[in-house]
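# got a structure for you, letters missing:
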């Protein structure tokens with residue numbers, strides 16, 4: 001039997017922090033108490049004094065690039081970066097090549113992950129203008145949800161047929177996650193900037209092209225449609241102050257039919273950073289203004305926004321070093337997301353309890369994930385130790401994403417993830433990912 005005893009940890013769970021011990025037996029948490037004695041001489045003991053023990057983070061939006069785009073990243077490389085960053089479960093998006101828009105293609109991704117993933121995994125089924133029949137075959141017990149691009153971000157998955165969209169919304173009880181940017185608005189803005197700059201548009205214009213209005217038009221239409229059809233809607237990567245008026249915190253999360261996500265980069269960067277970071281903070285939706293960032297923080301803290309995710313979407317340095325119009329949008333974030341939020345905690349912006357709520361508990365609740373996202377007896381031992389006073393500098397040598405760069409490069413984080421457990425196995429310790437592909441397919445209580 002694999003047994004591990006974590007002692008003297010500051011255990012963070014369900015809005016409380018308490019000092020105590022956690023016993024792992026095989027895949028599960030078997031005991032939580034003030035003090036636990038090892039049951040056998042073979043029990044591995046970890047003294048966690050001074051460190052927080054949190055549930056493994058659940059990232060509900062990543063792009064791990066396999067199949068078809070593996071020069072940027074693959075499930076093995078990016079899941080290794082994830083566990084190094086304290087993310088023990090991920091939900092990957094369908095805009096790989098080929099797009100995951102049939103059940104056969106979707107299941108191929110699961111087969112790859114079963115052999116190569118360091119973290120637990122689920123893959124979203126992609127929607128198009130004409131694949132409703134395939135969408136309706138999706139098994140709600142072992143697939144996270146349906147993903148729709150209401151603005152073409154990457155790939156060719158834009159759902160722009162209103163009739164098709166309404167049919168999808170009204171035909172499935174599964175969670176529908178959406179990327180909201182209005183394509184017509186973006187195209188009109190782009191043409192305006194091309195008239196001014198030709199092909200040499202500065203990256204500083206990105207948030208004006210993929211504008212607040214583009215986001216709001218699309219988000220508000222999606223919400224209106226969800227209310228009309230009764231669909232279960234989850235809106236990814238919100239980026240504007242204006243969109244915050246669309247969301248409420250009047251009822252418990254479990255009762256919400258419309259939920260909201262914010263990503264780390266929209267909480268960290270602003271349009272002022274384009275001068276120094278350039279295409280390396282070019283995302284869709286765009287990083288907006290400092291005022292937008294402040295509004296996102298306010299909505300996160302008052303529970304209009306329910307989840308923090310990464311939208312981890314690596315591209316190579318060569319791709320990012322192209323001109324603004326040619327450089328793709330997206331960047332690697334899974335390795336640095338949790339410590340970025342702990343940095344915000346040390347700056348007085350957010351409590352550790354709230355970080356755990358938004359990165360661990362709430363994704364588990366929203367997707368109804370079985371036995372994950374909490375530190376509870378009988379739950380899977382997906383656990384992370386975070387030392388809040390162990391500084392480290394982000395540099396090329398310690399970046400694990402295959403693309404080999406990070407928008408945080410050169411930054412010194414004050415907190416460090418020292419240990420990550422997935423299904424009871426210690427998969428990461430002090431900058432080293434062990435060669436253990438222990439990840440399991442996520443299951444859902446639906």
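Now that the structure is in, tell me what you want to look at. Treat the numbers as computed from the prediction; the structure is a model and nothing was measured.
# can you tell me the closest non-neighbouring residue to residue 341?
Among residues not flanking residue 341 along the chain, residue 355 sits closest, at 4.7 Å (CB to CB, 6 or more residues apart in numbering). All C-beta spots, glycine's among them, are computed from the backbone N, C-alpha and C.
# in a strand, the one you found, correct?
No - with DSSP: H, G, I helix; E, B strand; the rest coil as the criterion, residue 355 is located in helix rather than a strand.
# from what I see, it and residue 345 are in contact.
Yes - contact status for residue 355 versus residue 345: in contact at 6.3 Å, counting by CB atoms under 8 Å.
# about what we covered before: residues contacting the residue nearest to residue 341?
Applying CB atoms under 8 Å, 6 or more residues apart in numbering to residue 355 gives the contacts 54, 308, 338, 341-342, 345.
# likewise for residue 331?
The contact partners of residue 331, by CB under 8 Å, 6+ apart, come to 265, 280-283, 312-315, 320, 406-407.
# show me those that map onto helices.
Counting by DSSP state H, those place 265, 320 in helices.
# and residue 169, how far from residue 248?
20 Å (CB to CB, to the nearest Å).
# more crowded one of those two?
residue 169 (22 against 11; other CB atoms under 10 Å).
# quick check: what element follows whichever strand or helix holds the more buried one along the chain?
Element membership for residue 169 (DSSP states H and E) is helix 162-171. Using DSSP H and E, the helix or strand that follows helix 162-171 towards the C-terminus is strand 176-179.
# what does that following strand contact?
Residues from elsewhere that reach strand 176-179 (CB under 8 Å, 6+ apart): 60-61, 124, 127, 145-151, 153, 168-169, 222, 226, 231-237, 284-285.
# that one pairs with which strands?
Sheet pairing of strand 176-179 (DSSP bridges) gives strand 146-149 (parallel), strand 233-235 (parallel).
# is it possible to get CSV of the ones you listed that adds mean neighbour count and mean pLDDT?
Formatted as CSV, the strands paired with strand 176-179 follow (neighbours: other CB atoms under 10 Å; pLDDT from 0 to 100):
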stretch, mean neighbour count, mean pLDDT
strand 146-149, 26, 96
strand 233-235, 25, 98
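# so which of the ones you listed is nearest residue 432?
Residue 432 sits nearest to strand 146-149 of all the strands paired with strand 176-179, at 33.2 Å, using CB to CB.
# save the strands paired with strand 176-179 as a markdown table, and put in distance to residue 381 too.
Compiled in a markdown table, those are given as follows (distance: least, CB to CB, whole Å):
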| stretch | distance to residue 381 |
| --- | --- |
| strand 146-149 | 29 |
| strand 233-235 | 27 |
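# and residue 446, which of those is closest to it?
Nearest of the strands paired with strand 176-179 (CB to CB): strand 146-149, 12.9 Å.
# and residue 390, how many neighbours does it have?
Counted by other CB under 10 Å, the residues lying close to residue 390 total 15.
# doesn't residue 417 make contact with it?
No - if you go by CB under 8 Å, residue 390 and residue 417 don't touch, sitting 9.3 Å apart.
# so what's the residue nearest to residue 370 when sequence neighbours are not counted up against?
Nearest residue to residue 370, sequence neighbours excluded (CB to CB, 6+ apart): residue 443, at 4.5 Å. By CB under 8 Å, 6+ apart, the contact list for residue 443 reads 141-142, 369-370.
# so which of these wins on neighbours?
In terms of neighbours by other CB under 10 Å, the contacts of residue 443 top out with residue 369 at 22 neighbours.
# may I have the beta-bridge partners of that residue?
In this structure, residue 369 bridges to residue 444 when assessed by DSSP bridges.
# in which helix or strand does residue 9 reside?
strand 3-13.
# that strand: what's the following helix or strand?
Using DSSP H and E, the next helix or strand after strand 3-13 towards the C-terminus is strand 16-25.
# now the angle from that following strand to strand 3-13?
160 degrees (axes from the mean of the first three to the mean of the last three CA atoms, to 10 degrees).
# tell me the buried residues in stretch 401-415?
For stretch 401-415, burial by neighbour count (16 or more other CB atoms under 10 Å) applies to 401-403, 405-408, 411, 413-415.
# out of those residues, which sit inside strands?
Among the buried residues of stretch 401-415, the residues falling in strands (DSSP state E) are residue 413.
# got the phi and psi for residue 271?
phi -60, psi -20 (degrees, to the nearest 10).
# in this structure, where's the longest helix?
From DSSP H, the single longest helix across the chain is helix 212-229.
# can you list the weak-confidence ranges in the stretch 51-200 of the chain?
Within the stretch 51-200 of the chain, the ranges that satisfy pLDDT under 70 run 152-156.
# would you check that residue 10 makes contact with residue 53?
Yes - between residue 10 and residue 53 a contact is recorded at 6.7 Å, counting by CB under 8 Å.
# how close does residue 176 sit to residue 72?
Distance of residue 176 to residue 72, computed by CB to CB: 27 Å.
# my bad, should have said residue 234
25 Å.
# going along the chain, name the helices of the stretch 51-200 of the chain.
Using DSSP state H, counting those that start in this stretch, the helices of the stretch 51-200 of the chain run over 75-84, 103-116, 132-135, 162-171, 183-197.
# show me what the third one is packed up against.
In this case it means helix 132-135. Packing contacts for helix 132-135, counted by 3 or more CB pairs under 8 Å, 6 or more residues apart in numbering; DSSP states H and E, involve helix 162-171.
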